[in-house]
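1. here's a sequence, model it:
(chains A and B)
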Amino acid sequence: MKKNYLYITNPNDLNFSFLENESQNLIVLLTDKAEENLKYSFNFPNKNAESEILFLIIRKNPIPLNIKIDINHKINNCKSDLKFKTILFKEAKVIFTGNIKVEENLKEISSSMVHKNLLLSEMAKVISKPNLEINSNGVEINHGFATGAFPKELLYYLESRGLSEKKAKKALIKAFIFNEINAIKDKPLRKQIKKETLCLIP
Amino acid sequence: MQNNIIKKKLNESLVKEISKVKQEPAWMLEFRLTALEIFFQKSMPSFGPDLKDLNFENINYYIRPDDKTHASWEEVPSEIKDTFDKLGVPQSERKFLAGTGAQFESEMVYHSLKEQLKEQGVIFESIEDGLKNHEELFRKHFAKVIPASDNKFSALNSALWSGGSFIYIPKNTKLDLPLSAYFRMNTENLGQFERTLIITDENSYLHYIEGCTAPVYTTDSLHAAVVEIIAKENSRMEYTTLQNWSKNVLNLVTKRAHVKKNAEMFWLDVNLGSKTTMKYPAIYLMEEGAKGETQSLAFADKGQNIDAGAKIFHMAKNTSSLVLSKSVSKNGGISTYRGITKISEKAKNSKAKITCDALILDDKSISNTYPVNDINDPDTNFEHEARVSKLSEEKMHYLMARGLSEKEAGTMLINGFADPITRQLPMEYAIELNRLIELYLN
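-> Reported below is the predicted structural model:
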């Protein structure tokens, strides 16, 4: 299956229903300009569909961002793979509610949802409610969520090699977010996303 | 049997009668009456299993403590008797577990143990005796961890509580042997609204085990218990529950521990029985260096809805927590993990890890996961992972290729799945639990 890439910035609502044999890669960038309540739905009503969805969230805005995502598996042999990379500055707050639902009597369903968060201020907050409702046994469903402290050892390592604190921090933030962006196979798109995300990192 | 039960409507008069029978001080009656008001004001939980069949008008709210024998062995369902046979439970224990006998042959052992504990200053009494004999200590801690207003069922329990344990472990006292409610209950009836209060004083250690692996038969339809624990500085408290109620019981339990400086709390929660369970053992890490751990294992079979989980609140710096939840659903059973882990702004340098692992054995069964991760401090290391899958076909094939039948291979894999939790149980419980897993699967 040929992979199609779609890149969207700050969409309010998304409602995808993937076609038979479709392979869709979606990249969503959410910044301070995003509306505060976002509702996204990804549906798999046709067999052999697969989708990789990457959310890049970079915010300073103190208005809480509410993101609600529904992934509905309704037919056999489908795959969904969601990744979130969140960087929060100042008083930014993200509240995420995700639902993966697998209907009855389905086989060969694979779905995963992984969040990685970097909180760069004492005031930044993240709340995550990743729900799984699984009504079939022919499934492989995973969810992962990780929030880590800023890696002080790495910061020290970079500073000891001559980088200023500001530059060292920026290098680590870039490494955190570019890790996923580097996996985008469409080179011009990859370059564009890197450029846009870099502008958001102070 | 009917004559022994206070069969009244749930109202003030019932609460007053319970308090009078127990010869309680006035403050406790006042507490119960306030709790009853709260119960009427509170609404039913807005989440979790459907409780529409629960009829508060149709419950025997209190059985007098002097009524030791309240049913005949013949009335016990054959499925319960069969399980006793398969587990090899002794005759005397069978009758106790089936609710038909209150006397138990190990009474002498129990009394000897009690004397030994008394010498160490340990208090291990029924909750009623705790109130009578140690009122000051009791009053200082009672309902401080779980107030009546916490939820509708804690309010109901606060109004009607009867039975349960009161335990105090003095400073610098570490009990080598676990205390078991099973010992204490041989002279007291198990309450439908049992209440347990445990205080581990500074630098002490206690492992408490409630329940047993054979099914506990009761004709009651509602079990709403409250368990409060205060783990003081540098103490460690382990609380093991093996819940195997008969499959007509609504098991709605509130359990919570307050954990002080450098103290540790460990809930080990195994749920096999009941029609519906709603139980989310909570840990409040109140002071610096406190640690909390919850490990749970649930098996949901036909007609069962096991909604269990863990709540952890990090409220001070350098606190850490670990949650491991495992569940198996088959034959239309529903198992749900529901939990919250909150890192407050004050919880600097805290660590939390939550792992949920679920197996679904057929297409009729359901597995749900509803976690909430609330992170308010940037210096936290927080990890959460959840996984839902079926039995690995490769592993099944491997075992069957070596001569095991499909059932034997499945049982071996599920025992392996449950092993991280069952291995933490005392050996005799672990062996019985493994047998029960075999019964569950076959």
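2. tell me the secondary structure at B:Leu33.
-> Per DSSP: H, G, I helix; E, B strand; the rest coil, the secondary structure class of B:Leu33 is helix.
3. so what's the residue count around it?
-> If you count neighbours by other CB atoms under 10 Å in any protein chain shown, B:Leu33 ends up with 15. The way it works is simple: take the backbone N, C-alpha and C, and place the C-beta from them, glycine included.
4. hang on, it packs against B:Ala159?
-> Yes. B:Leu33 is in contact with B:Ala159 according to CB atoms under 8 Å; the separation is 7.5 Å.
5. joint contacts of those two?
-> B:Val15 (CB atoms under 8 Å, 6 or more residues apart in numbering or on different chains).
6. for B:Leu272, see how far away B:Leu359 is.
-> 15 Å (CB to CB, to the nearest Å).
7. tell me the helix or strand right after the worst-scoring helix or strand of chain B on mean pLDDT.
-> Lowest mean confidence among the helices and strands of chain B (mean pLDDT, DSSP states H and E): helix B:181-185, at a mean of 50. Where DSSP states H and E defines the elements, the next helix or strand beyond helix B:181-185 is strand B:195-200.
8. output that next one as PDB, nothing but the C-alphas.
-> Extracted C-alpha coordinates of strand B:195-200, given in PDB (Å, rounded to 0.1, in the frame of the first residue of the first chain):
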ATOM      1  CA  ARG B 195     -15.900  -1.600  58.600                       C
ATOM      2  CA  THR B 196     -12.200  -2.000  59.100                       C
ATOM      3  CA  LEU B 197      -9.800   0.500  60.700                       C
ATOM      4  CA  ILE B 198      -6.100  -0.200  60.800                       C
ATOM      5  CA  ILE B 199      -3.400   2.000  62.300                       C
ATOM      6  CA  THR B 200       0.300   1.100  61.900                       C
END
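9. excluding sequence neighbours, find me the nearest residue to A:Leu38.
-> A:Ile67 (4.9 Å; CB to CB, 6 or more residues apart in numbering or on different chains).
10. now do the SS call for the one you found.
-> For A:Ile67, the assignment made with three-state DSSP gives strand.
11. what of the one 4 residues further on?
-> Taking three-state DSSP as the rule, one finds A:Ile71 in the strand state.
12. ok, longest helix in chain A?
-> helix A:165-181 (DSSP state H).
13. list, one by one, the residues from chain A near chain B.
-> Taking CB under 8 Å from any CB of the partner chain as the measure of proximity, chain A contacts chain B at A:104-105, A:117, A:119-122, A:124-150.
14. show me what the mean pLDDT comes to for stretch B:377-396.
-> Here stretch B:377-396 scores 91 as its mean pLDDT.
15. before we move on, the earlier item: from A:Ile127, how far off is the residue nearest to A:Leu38?
-> Shown here: A:Ile67 relative to A:Ile127, a distance of 11 Å by CB to CB.
16. same deal with B:Leu160?
-> Separation of B:Leu160 from A:Ile127 (CB to CB): 36 Å.
17. and those two? Which one has more around it.
-> B:Leu160 (24 against 18).
18. ok, for that one, nearest residue in space, not its chain neighbours?
-> B:Phe193 is the one closest to B:Leu160 (CB to CB, 6+ apart), at 4.5 Å.
19. what number of residues lie near the one you found?
-> The number of residues packed near B:Phe193 is 24, by other CB under 10 Å.
20. low-confidence ranges in chain A?
-> Scanning chain A for pLDDT under 70 picks out A:1-3.
21. hmm, 90 instead?
-> Where chain A drops to pLDDT under 90, the residues are A:1-4, A:105, A:107, A:137-139, A:148-155, A:165-166, A:169, A:202.
22. which stretches of it form helices?
-> Assigned by DSSP H, the helices in chain A fall at A:152-160, A:165-181, A:187-200.
23. just the stretch 301-442 of chain B next, same as before
-> Per DSSP state H, counting those that start in this stretch, the stretch 301-442 of chain B carries helices over the ranges B:393-401, B:406-422, B:427-441.
24. closest to chain A out of those helices?
-> The closest of these to chain A is helix B:393-401. By CB to the nearest CB, the value is 10.4 Å.
25. what helices or strands is that closest one leaning on?
-> Helix B:393-401 sits against helix B:406-422, with contacts defined as 3 or more CB pairs under 8 Å, 6 or more residues apart in numbering or on different chains; DSSP states H and E.
26. mind listing what's buried along the helix it packs on?
-> Neighbour counts over helix B:406-422 (16 or more other CB atoms under 10 Å in any protein chain shown) mark B:409-411, B:413-414, B:417-418, B:421-422 as buried.
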